[in-house]
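Asker: predicted structure and sequence below. I'll ask about it afterward.
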Amino acid sequence: MNGEKSKTSKPWVYFHESLDTSKRNKGGKERARYVMKPVNEYNKHAKKILEIGCGLGDVLVELSERYTIYGLDIERDFIEACIKRMPKGKFYVSSMHNFKIEERFDVIFSVFDAMNELKDFDQWKSTFKAVDDHLDRDGLFIFDVFTPKILRNASSLSTTRPFSKGYYFDRAIVKGNSLTWDVKIFERLSNGLYQLNEYKFPERIYPVAKMKSALSKHFDILETNLREEGRNILFVCRKKSFDGFWCCGKVITESRTHRIVQF
Ligand SMILES: C[S@@+](CC[C@H](N)C(=O)[O-])C[C@H]1O[C@@H](n2cnc3c(N)ncnc32)[C@H](O)[C@@H]1O
């Protein structure tokens, strides 16, 4: 994690395990709902679904009855938790920007701003390419990310929460196009003293036009839906389908919308 403390180091896991399961389930259901809406509309016969940046699998668990599910995350401990939780699923430890799986999918999705955790925009571009390479014909790519609007008043965001093993505190720090979550967990030790564990999780935020331009190399953008008062955007994209063939000494390439004849 590039010098940043791993999200799966013990105090972080303790804190997340102590969160109310019904709230976690509610969040997972809600994210599954907004991913499934466009799937039902644009690819209702979809069977194989991959989530990139799947975390503890709160969304995939909601889809496991209806689909063959696959998940990928950069954190090994999260993937191990997913394997225990969904024994029928297939899971991979990898960064989303250079993953290689010997399978093709009907839908690939990424939610809860997981893509904002990529290191730079080159990683976004290679994520788009990796997704394109793993989608079947007409496959869908659905993802949500923060928009620059989140940077406007993020500096006022902070949380303090007691939990069973101590205290959790976070605050957002904005610098340029990055929003860094500065997290401190005070873990209560058996001798009654508290140990401070510090984490920094930077998220990089890019203009919507820049995302659209990079996406359009690989995908037709079917929908862009602003959410959370414009601080977040959901993209629904379809893999571009080109069927090229030679005819009368010319290459004829057909996409769904137009025919290009190259002389
Ligand atoms: C906010 S969590 C979202 C988890 C899950 N999508 C959900 O909705 O419950 C973001 C996840 O992205 C993962 N992540 C961050 N950078 C990644 C990368 N480069 N490749 C794959 N996963 C990554 C993190 O480990 C984390 O599990």
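Answerer: The structure has been received and is ready for your questions. Residues are numbered from 1 along each chain as shown.
Asker: need the nearest residue in space to the residue minimising distance to the centre of the chain, chain neighbours excluded.
Answerer: Nearest to the mean C-alpha position of the chain, by CA atoms, centre = their mean, lies residue 110 at 2.9 Å. Once flanking residues are discounted, residue 110 sits nearest to residue 143: 4.2 Å by CB to CB, 6 or more residues apart in numbering. For every residue, glycine as well, the C-beta is placed using N, CA and C.
Asker: got a pLDDT number for the residue nearest to the centre of the chain?
Answerer: Each residue has a pLDDT score; the one for residue 110 is 98.
Asker: quick revisit: secondary structure element for the residue nearest to residue 110?
Answerer: strand 135-146 (DSSP states H and E).
Asker: now the residue nearest to the centre of the chain: how far from residue 189?
Answerer: From residue 110 across to residue 189, the span is 37 Å (CB to CB, to the nearest Å).
Asker: what's the neighbour count on residue 172?
Answerer: 18 (other CB atoms under 10 Å).
Asker: and it, what is it in contact with?
Answerer: Contacts for residue 172 (CB atoms under 8 Å, 6 or more residues apart in numbering) come out as 154, 155, 157, 158, 179, 180, 181, 182.
Asker: residue 51 contacts residue 78, correct?
Answerer: No: look at residue 51 against residue 78 with CB atoms under 8 Å: they stay out of range, at 11.4 Å.
Asker: quick revisit: can you tell me which residues contact the residue nearest to the centre of the chain?
Answerer: 51, 52, 53, 96, 142, 143, 144.
Asker: switch to 10 Å and redo it
Answerer: Neighbour list for residue 110: 35, 50-54, 59, 72, 96, 116, 127, 131, 141-145, 235 [criterion: CB atoms under 10 Å, 6 or more residues apart in numbering].
Asker: out of the residues you listed, list just those in helices.
Answerer: Counting by DSSP state H, the contacts of residue 110 place 35, 127, 131 in helices.
Asker: confirm for me that the second one is in contact with residue 94.
Answerer: No: shown here, residue 127 and residue 94 do not form a contact pair, counting by CB atoms under 10 Å, at 11.2 Å.
Asker: can you list the residues of the stretch 101-250 of the chain near the ligand?
Answerer: 111, 112, 114, 117, 118 (CB under 6 Å from any ligand atom).
Asker: hmm, residue 35 is touching residue 69, no?
Answerer: No: with contact defined as CB under 10 Å, residue 35 does not reach residue 69; the gap is 11.9 Å.
Asker: got phi/psi on residue 198?
Answerer: phi -110, psi 140 (degrees, to the nearest 10).
Asker: mind checking the SS state of the residue nearest to it when sequence neighbours are not counted?
Answerer: Distances taken as CB to CB, 6+ apart place residue 184 nearest to residue 198, at 5.5 Å, with adjacent residues excluded. Following DSSP: H, G, I helix; E, B strand; the rest coil, residue 184 is assigned to strand.
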